[in-house]
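[1] any chance you could fold what I've pasted below:
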Amino acid sequence: MKLLLVVLPLLVIIGLLLRKQHMLVAAFAGGLLAVIIGRLDVGTINGSFLAGVEQMMGVTIPILYAATAALVAKAGSIQAIVDLARHYLRGRLAILAGFLVLVQSMATYMAGMGAGNTMVIAPLVAIAVGFVPEVVAGLAIATAVGFTTSPASTETVIAAEMAGRDLLEHSAAMMPFTILFFLIGAGLAAYGVHKRGSLIRGDDGKETEAGQSVGALWKKSIPAIALLVLVVAGNKLNQWIGISLFTPATTIMITTILTVFLTGMNAKESSDALIDGSRFILVTLFSVGIFLGFINMIGEIGTFAELAALAGKAPVSLVLPAAMVIGFLTAIPAGAFAAGVLALVLPTLSTLGMPSEAMGFVAMAVGLGTQVSPVQINVAALSDGFEISIMDVIRANLKYVIGALVLLIILGVIFV
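    Residues are numbered from 1 along each chain as shown. This is a model prediction of the structure:
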């Protein structure tokens, strides 16, 4: 009875979302129910609510990268890359979509987080092929696996520590599965574009900006290429030169300067475009922050801890699949706290002495769950990049992410 009571606010939210109510209406209803059930005082309500908004509005690097990506898009730099791809690939944009998912995969794995990369790569894919559900899902799956198996991520650190294994050894053990899902994400994106075609005009292998030579397109593409390289490989470049030269701040400055000198936009227009480019992501993150504030209230009544404890009640042979499913489901409302979800679920596996691969599979399942979460920053990044609503991103991801989870569970049962 206690479990049903504390889970009820989540069920209310899910039910309202399935009935296509506004996400904030659903969150308010669930949060209000949590307040009543837990008899939360005003101080707790206020703290939970403000913490949600502050957390989302505090993700400064993705916000900055989103604004910069919007700048180079407005300057025609991303379109120039797409036109070059059409020229050299002769219209075979499925190859480009798959390749960009692999770039996203590697960038996420290197950085241990994906949203900042998504802010740059998603607009490029969107301009190339439009909103193709398989492409969005491919990016989401690759990102989820990348940040939950990367040796640079908090999630991987937690998984390794729970198993008492060296971090790099654990990451190496998960590498074959990481590569598999990277390829699945890239293949899904390529298949989607091949199946549906580009959902924008100009998908005929011809340049969309008539009269521009290949040389002119290369010149105009440099700001977007520089932004992509600095976001994806900035840390590696810093290691090679021995100083931290390429930071988010300098990346934005370099990209803006290149935009002024290599495209038709002057300094004033570039500055206006940079500021205007932040509008969509700021509005999105504000709404997500309010949603998260209500989710925090649900967390105050012990909902997520109770869900995590369910894994320990399963038969020993089913503990791992149960933990993966529970981690996935818990990550949907708590997508902003992937590491926190793992901290709740993994102790059960640790107590049973399960190997680090088991921890890794649960971490990947949690990562997949975050990609259908309204409060996950990477979902917001995909929303911004493809200029669709967060719920449209979730609907695009859902069946493919669930399919990836089923495959992951099968692999877990076989290899652990």
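
[2] quick one, longest helix in this structure?
    Longest helix in the chain, counting residues (DSSP state H): helix 167-196.

[3] report the distance from that one to the chain centre.
    15 Å (CA atoms, centre = their mean, to the nearest Å).

[4] same thing with stretch 306-318?
    With CA atoms, centre = their mean, you get 28 Å for stretch 306-318.

[5] which stretches in the stretch 151-300 of the chain count as helices?
    154-163, 167-196, 214-241, 248-262, 267-276, 279-300 (DSSP state H, counting those that start in this stretch).

[6] follow-up on the earlier one: going by neighbour count, list what's buried in the longest helix of the chain.
    170-171, 173-174, 177-178, 181-182, 184-186, 188-194, 196 (16 or more other CB atoms under 10 Å). To be clear about C-beta, it is placed using only N, CA and C from the backbone, and glycine gets the same treatment.

[7] report the buried residues of stretch 30-50.
    For stretch 30-50, by 16+ other CB under 10 Å, it's 30-31, 33-35, 37-38, 40, 45, 47-49.

[8] stretch 323-337 too?
    323-337.

[9] measure it end to end?
    17 Å (CA to CA, to the nearest Å).

[10] avg pLDDT for it?
    Here stretch 323-337 scores 91 as its mean pLDDT.

[11] let's have the chain start at 392 instead
    Renumbered: residue one is now 392, and that last one reads stretch 714-728.

[12] show me how far that stretch is from its chain's centre.
    14 Å.

[13] with stretch 458-478 instead?
    Using CA atoms, centre = their mean, the offset of stretch 458-478 from its chain centre is 22 Å.

[14] next, the buried residues of it.
    Buried residues in stretch 458-478 (16+ other CB under 10 Å): 458-477.

[15] I'd like the buried residues of stretch 421-441 laid out as CSV, including distance to residue 738, secondary structure and pLDDT.
    What follows is the buried residues of stretch 421-441, written out as CSV (distance: CB to CB, whole Å; DSSP: H, G, I helix; E, B strand; the rest coil; pLDDT from 0 to 100):
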residue, distance to residue 738, secondary structure, pLDDT
421, 26, helix, 94
422, 27, helix, 94
424, 28, helix, 96
425, 24, helix, 95
426, 28, helix, 96
428, 25, helix, 94
429, 23, helix, 93
431, 26, coil, 95
436, 29, helix, 96
438, 26, helix, 96
439, 24, helix, 93
440, 29, helix, 95
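
[16] tabulate the residues you listed in CSV, adding columns for distance to residue 542.
    Output for these, formatted as CSV (distance: CB to CB, whole Å):
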residue, distance to residue 542
421, 36
422, 37
424, 40
425, 37
426, 41
428, 40
429, 38
431, 39
436, 39
438, 34
439, 33
440, 35
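
[17] of all the residues you listed, which comes closest to residue 492?
    Nearest to residue 492 among the buried residues of stretch 421-441 is residue 421, at 33.7 Å by CB to CB.

[18] residues contacting the closest residue to residue 584 other than its chain neighbours?
    Leaving out its chain neighbours, the residue that sits closest to residue 584 by CB to CB, 6 or more residues apart in numbering is residue 485, at 4.1 Å. Contacts for residue 485 (CB atoms under 8 Å, 6 or more residues apart in numbering) come out as 580-582, 584-585.

[19] gap between residue 786 and residue 554?
    To residue 554, residue 786 is 35 Å away according to CB to CB, to the nearest Å.
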